[in-house]
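[1] my questions concern the predicted model and sequence given below.
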Amino acid sequence: MIPNDPSHRSEPIPEPDSEQVNLESGEPKANPGTSSPAPQYDLSAVEALPSDPQPPATAPQAFEPFPPASPPSGHGTPQSAPATSPMEPGGPVSFPPGYAAPPPPVEPFPQIVPTGPARNIRLALSVIAPNVLALLLLWITSLIMRQGTSSRSGEYIMAEFVIIPLLMGLCAAFCLRGTGTGNWVNIMISVVNTCIAIALSYLVVHEGVICLVMVSPLLCSFIMVGGLIGRLIFRPRFRTLQLSLAPVLAVLLVADARSPHNYQTAVTDVVTINAPPERVWQYVTDVPLIPQKSDFWLCKIGLPAPVQATTSGHSVGAERRCIFERDLVFGEKIVELQPAKKLTFDIVSQPADPEIMGHLELQRGQMELRDNHDGTTTLIGTSWYRLKVYPAEYYDLWARSLTRDVHLRVMRHIKKLAETGAS
């Protein structure tokens, strides 16, 4: 027996008691399944619907996370893509019930770029503040260096040419932050700060022009580096680095000022002379006057060149004088003398002229003659000196160039006199 089969039911299924209403007339329709009269309804309060309803002005759009993809070629009926995809910028986007639209992107806090007088004040501070800071740090450094027992007169440490210029560049970058200046403006301000520092060195410290020429590339380079570093780190995300950089540089400055410095080296030059050692020797102990002007480029802008050397005797202990232009004299004392072989002398005094490298302490000089047994002589000139300015690796390049020019000027003059037999 199948329970759901209507033919096996014992009782007839009652017809549903439902009424149908004619929507046009409002009168009930007769139910064909019953003979009872249809009930009446009052439809006066119901507004009549228009015969041709119009869609609303703005119909809701279904949520489509991606535009419908067109079927591949040859499969199905191609569909035209919508004019504006819901996922394209500017396209309509609908969200299903329960999903809220994402919040609009948060705009970054606008950076206030000073203009007019405020910007000019920042630019002026980027020039004034670094040089004031440099003078203060130089004064502190000199106080620290004076605490030592040994004399450090005329000595300039690496901190004064590396760390302080870096701090000058950082100070300038700090003053320029938020002004919207580019790298070229920072480079120009670095050059201006270098010129001001050089002018102050000339007026206050009375440094020579040659010394200032030597120091200019070093100062300008590290001021620029400090300015570029400052442009990178003076941002909110590098606040920790900002707080730690200045103390680290200060510790390095104090450590360099407290540490002893002693850089000594020697420079040697060799010239071959077409004359026997006996003839060369007479021009070594007493160097005749050199009439020619030096062609060394530093001598053309003010560096004095050697012009003559005289001695009071040809024995150990005799005094010797090496005379430079402008009547500048190096006092020497002979400590070793082997006729026609070797002459060694100590430097006992040197002029205070700033253009003679007041930060270069000459210690000893030597002229050695080697007989080549072919009628020629090899003349070897050596000078020992101590640098009192750092970083020594940089300034030694200049010191070697200066010393070699002095050597070769004197040795070539000796070569010319010995080969021509002039007196």
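    Nice, I can see it.

[2] which SS class is residue 268?
    strand (DSSP: H, G, I helix; E, B strand; the rest coil).

[3] how near is it to residue 404?
    Note on residue 268: its distance to residue 404, by Cβ to Cβ, to the nearest Å, is 9 Å. (Each C-beta comes from the backbone N, C-alpha and C, glycine too.)

[4] in terms of helices and strands, where is residue 344?
    strand 342-349 (DSSP states H and E).

[5] in that strand, what's buried?
    Neighbour counts over strand 342-349 (16 or more other Cβ atoms under 10 Å) mark 342-347 as buried.

[6] adjacent strands (with direction) for that strand?
    Its sheet considered, strand 342-349 pairs with strand 328-338 (antiparallel), strand 360-371 (antiparallel) by DSSP bridges.

[7] want to try CSV for those strands, with distance to residue 144 and mean neighbour count as columns?
    Formatted as CSV, those follow (distance: least, Cβ to Cβ, whole Å; neighbours: other Cβ atoms under 10 Å):
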stretch, distance to residue 144, mean neighbour count
strand 328-338, 32, 16
strand 360-371, 22, 18
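
[8] hmm, back to that, hmm, who's touching the strand holding residue 344?
    284-285, 320, 330-337, 362-369 (Cβ atoms under 8 Å, 6 or more residues apart in numbering).

[9] coming back round to it: make JSON lines out of the strands paired with strand 342-349 and add distance to residue 209 and mean pLDDT.
    Output for the strands paired with strand 342-349, formatted as JSON lines (distance: least, Cβ to Cβ, whole Å; pLDDT from 0 to 100):
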{"stretch": "strand 328-338", "distance to residue 209": "15", "mean pLDDT": "94"}
{"stretch": "strand 360-371", "distance to residue 209": "16", "mean pLDDT": "93"}
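
[10] CA atoms of the strand holding residue 344 as PDB?
    C-alpha atoms of strand 342-349 as PDB (Å, rounded to 0.1, in the frame of the first residue of the first chain):
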ATOM      1  CA  LYS A 342     127.000  61.100   2.500                       C
ATOM      2  CA  LEU A 343     125.800  64.300   4.300                       C
ATOM      3  CA  THR A 344     123.200  64.100   7.000                       C
ATOM      4  CA  PHE A 345     121.800  67.000   9.000                       C
ATOM      5  CA  ASP A 346     119.200  67.600  11.600                       C
ATOM      6  CA  ILE A 347     116.600  70.500  11.400                       C
ATOM      7  CA  VAL A 348     117.100  72.500  14.500                       C
ATOM      8  CA  SER A 349     114.800  75.500  13.600                       C
END
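
[11] flag every buried residue along the strand or helix carrying residue 195.
    Using DSSP H and E, residue 195 falls within helix 183-200. Going by neighbour count (16+ other Cβ under 10 Å), the buried part of helix 183-200 is 186, 189-190, 192-194, 196-198.

[12] contacts for it?
    Contacts for helix 183-200 (Cβ under 8 Å, 6+ apart): 123, 126-127, 130-131, 134-135, 165, 168-169, 172-173, 176, 212, 215-216, 219-220, 223-224, 227-228, 231.

[13] quick one: which of the residues you listed sit in helices?
    Among the contacts of helix 183-200, the members found in helices (DSSP state H) are 123, 126-127, 130-131, 134-135, 165, 168-169, 172-173, 176, 212, 215-216, 219-220, 223-224, 227-228, 231.

[14] just the buried ones from these?
    Of those, these count as buried by 16+ other Cβ under 10 Å: 123, 126, 130-131, 134, 165, 168-169, 172-173, 176, 212, 215, 219-220, 223-224, 227-228, 231.

[15] how does the chain divide up, domain by domain?
    117-258, 263-420 (automatic domain parsing).

[16] and the end-to-end length of the longest one?
    End-to-end distance for domain 263-420, by Cα to Cα, to the nearest Å: 41 Å.

[17] same check on stretch 203-215?
    15 Å.

[18] cool, stretch 295-302 as well?
    Using Cα to Cα, one end of stretch 295-302 lies 12 Å from the other.

[19] buried stuff in that stretch?
    Here stretch 295-302 shows 296, 298-299 as buried, counting by 16+ other Cβ under 10 Å.

[20] now those in a markdown table, with secondary structure and pLDDT?
    Formatted as a markdown table, the buried residues of stretch 295-302 follow (DSSP: H, G, I helix; E, B strand; the rest coil; pLDDT from 0 to 100):
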| residue | secondary structure | pLDDT |
| --- | --- | --- |
| 296 | coil | 91 |
| 298 | helix | 88 |
| 299 | helix | 89 |
